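Enquirer: 3D, please:
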Amino acid sequence: MVAGSILLYRTLRGKTEEVKAAEHKKKLDKEQFQRELMKLIRITIPGVTSKEFLLLALHTSFLISRTMLSIKVAELDGSLVKTIVDNKPRLFLWNLVKWLALAVPATFVNSMIRYLEKKFSLALRTRLVQHLYDTYLDGETYYKIENLDSRIKNADQSLTKDVASFCDHLAHIHSQISKPILDVFLMTIQLVVLGRQSSKKAGGSAGWSGPVSITLGISTFVLTYKLLKWMAPPFGKMAAQEAALEGDLRAAHSSLITNCEEIAFYNGHENEKNFLWQSYSDLMEHVSTIYRSRIWYNMCEGFLMKYIWSTAGLMMLAVPTFTRGKLVEGNYVSNETVSERTEGFVIARSLLLSLSDACERIMSSYKDITELAGYTQRVADLITVFEDVRAGKYEKQLAATADVALMRSRGNVSDGDHICFDKVPIISPNGDVLIESLEFTLQEGQHTLVSGPNGCGKSSLFRILAGLWPVHKGNLTKPSRGNLFYIPQRCYLSHGNLRDQVIYPENSEQMAARGHTDAYLRQIMDWVDLMSIVEREDKGWDATNDWSDVLSGGEKQRLAMARLFYHRPKFAILDECTSQVSEDVEGRVYTKAKELGITLLTVTHRHTLWKYHDHLLQMDGNGGWNFGELDAKVRMSLKEEKSKIEFQLRGIPKQKERLGELCVLLGETSKVLSELQEANL
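Expert: Next up, the predicted model:
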């Protein structure tokens, strides 16, 4: 029966793995798992004086106490049965009182073991999350993870669910392995001692029965372990892929929430529903595969653990019991009374049951270890990618035409009091070269307009300037981050009160350290015509709200300009940041920015902003560019002339059509057509 079940299970498992990816077929790399696990342990338990180590030591002490209590309970069980057989009610009641008294610390220890396991898991998670946040939010790592590297698809999934699962499994595996190993060691010693004592009482010697029983138990344990390990599906790989599919499903829901307005405008709910359902179906198919794999594994595990081990346990009890005393004429003669024999049997049975339970947990721990290995790999990969990206090492899926050598090379970046691009290429993260070599120098006070069609490299230029994208070649001199401020078209509004929105990314303490007060903020809000917001809120600057919903598009953009005035950097990148603001307010904020000594780099389609700039960086979208002075008056006259010619050209088709009608009426069709052809009309 067992052989047939194993054969059927292996056949089913083979078919399943043929359908799944190759990663499901591979066994876990033990060396890699140990290396990754030790790295994570060093992070989560930094030293013997750490809180995590103290919790681990306290948890271990309670586990040891629980084992000692189990031995004491087994002895009391035997004493209770002995008093019943001897018909001693008073002694029975006294032993019963001791048994109940022992139950109080036993239940307390059990409760503390569960509590300390959860507490230990939370401590591990806190330490690990702190380390991950320090790396993930160091500089622009969080941005580069999503845009410059393609190894992690859903960092949010790994930072939340995977980290929590890893810490839970790591804390649980300590109880699952250390306690059973301790039980096996102490229970075995206690069984040997009990056998010696019983043999002496019986008038014989320990003989060979004790070692034979222990050998039988160890042999059963080893054979069962080997067999279950051979049959076990790759639970670690399965758990890792399940977490990845959970992340894909979560990302699909997140994308729907983020882009709900655009999807609603396009009426694209059917497409989104199909995509969500496909993500859910992939997850459910994988989970069903795991459940199917567990059917035969659990069946064989139950058969071996329950029935084979019970048989071995009965043999381990029977051999010492039948062979106690002296061997006389082929039979064992014992000096023990029935009650003493019964007491020894009950104690041995209780110890053996505890020993069996410990062995079973050790057996099942292999499955837990493989699942732990799956989460260990995902968290370790997460840390590796974070560290690589922070160090400037990226792995991105490149375009077919990308120059791999160029993408791996790095140019020179230095801080200065001006902006200088010296033969710097503008390259996207996937390897598309937008501009082969850009050269221009921008000093303080040289307000520059950046123009060009969509996709020409305007936003890419700003990302390189802000340090978000690497410089692959040439030399770049740029202001420090504190002297360069970026205002996008869509203003980001943070969590917090109204004051926090203006001073972002600073907080109230940093604001006070700079010597600024709410009166200064009121002045800034007057400059951008937003004092009405402060006045309409009941709590004024301390008002907390969902500012993304409360403020209109124009108010958000003016609030972004208020941030610019608060920080007063030397250079500011304004990327269509006043597209929803009236021209008069727009003019006032640009004038104020120049009065505050802020050098402007502006992307805009409004010709009304030309007069606030004196230089122009123009990109043609084909890799070409031009940088030079901007004469707003001359450019405005050229703009008017262009508009006039365009208007005239739009009228030519109508004039040609009317001319043809007149020719037909006058009978001069052939003559006029030949004249039009000669004039190339």
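Enquirer: could you pull out the strands for the stretch 201-350 of the chain?
Expert: Applying DSSP state E, counting those that start in this stretch to the stretch 201-350 of the chain gives strands spanning 326-328, 331-333.
Enquirer: How about the stretch 351-500 of the chain?
Expert: Assigned by DSSP E, counting those that start in this stretch, the strands in the stretch 351-500 of the chain fall at 412-415, 419-427, 433-442, 448-451, 475-478, 484-487.
Enquirer: Please identify the buried residues of the last one?
Expert: Translated: strand 484-487. Residues of strand 484-487 classed as buried by neighbour count (16 or more other Cβ atoms under 10 Å): 484, 485, 486, 487. No exception for glycine: its C-beta is placed from N, CA and C like everyone else's.
Enquirer: and residue 36, how many neighbours?
Expert: 20 (other Cβ atoms under 10 Å).
Enquirer: And residue 308, by the same measure?
Expert: By other Cβ under 10 Å, 15 other residues sit near residue 308.
Enquirer: and if you look at residue 162?
Expert: Neighbour number of residue 162 under other Cβ under 10 Å is 26.
Enquirer: does it really touch residue 243, like I thought?
Expert: Yes: with contacts counted by Cβ atoms under 8 Å, residue 162 reaches residue 243, the gap being 5.4 Å.
Enquirer: any common contacting residues for the two?
Expert: 375, 378 (Cβ atoms under 8 Å, 6 or more residues apart in numbering).
Enquirer: Show me where the stretch 51-200 of the chain has its helices.
Expert: 51-85, 89-136, 141-147, 155-157, 163-201 (DSSP state H, counting those that start in this stretch).
Enquirer: Residue 167 versus the residue nearest in space to the middle of the chain, what's the distance?
Expert: Closest to where the C-alpha atoms of the chain average out (Cα atoms, centre = their mean) is residue 158, at 2.3 Å. Look at residue 158 and residue 167: by Cβ to Cβ, to the nearest Å, they are 13 Å apart.
Enquirer: repeat for residue 143
Expert: According to Cβ to Cβ, residue 143 and residue 167 sit 27 Å apart.
Enquirer: Also residue 565?
Expert: For residue 565, the distance to residue 167 equals 45 Å [Cβ to Cβ].
Enquirer: Please say which of those two ends up with more neighbours.
Expert: Comparing residue 565 with residue 167 by other Cβ under 10 Å, the one with more neighbours is residue 167, at 24 against 21.
Enquirer: does that one really touch residue 128, like I thought?
Expert: Yes: Residue 167 lies in contact with residue 128 (Cβ under 8 Å); the separation is 6.5 Å.
Enquirer: what residues are shared contacts of these two?
Expert: residue 44.
Enquirer: Now do the same contact list for the closest residue to residue 454 other than its chain neighbours.
Expert: Spatial nearest neighbour of residue 454, chain neighbours left out: residue 621 (7.9 Å); criterion: Cβ to Cβ, 6 or more residues apart in numbering. Shown in contact with residue 621 (Cβ under 8 Å, 6+ apart): 452, 453, 454, 455, 456.
Enquirer: What is the nearest of these to residue 289?
Expert: Nearest to residue 289, judged by Cβ to Cβ, of these is residue 455 at 43.5 Å.
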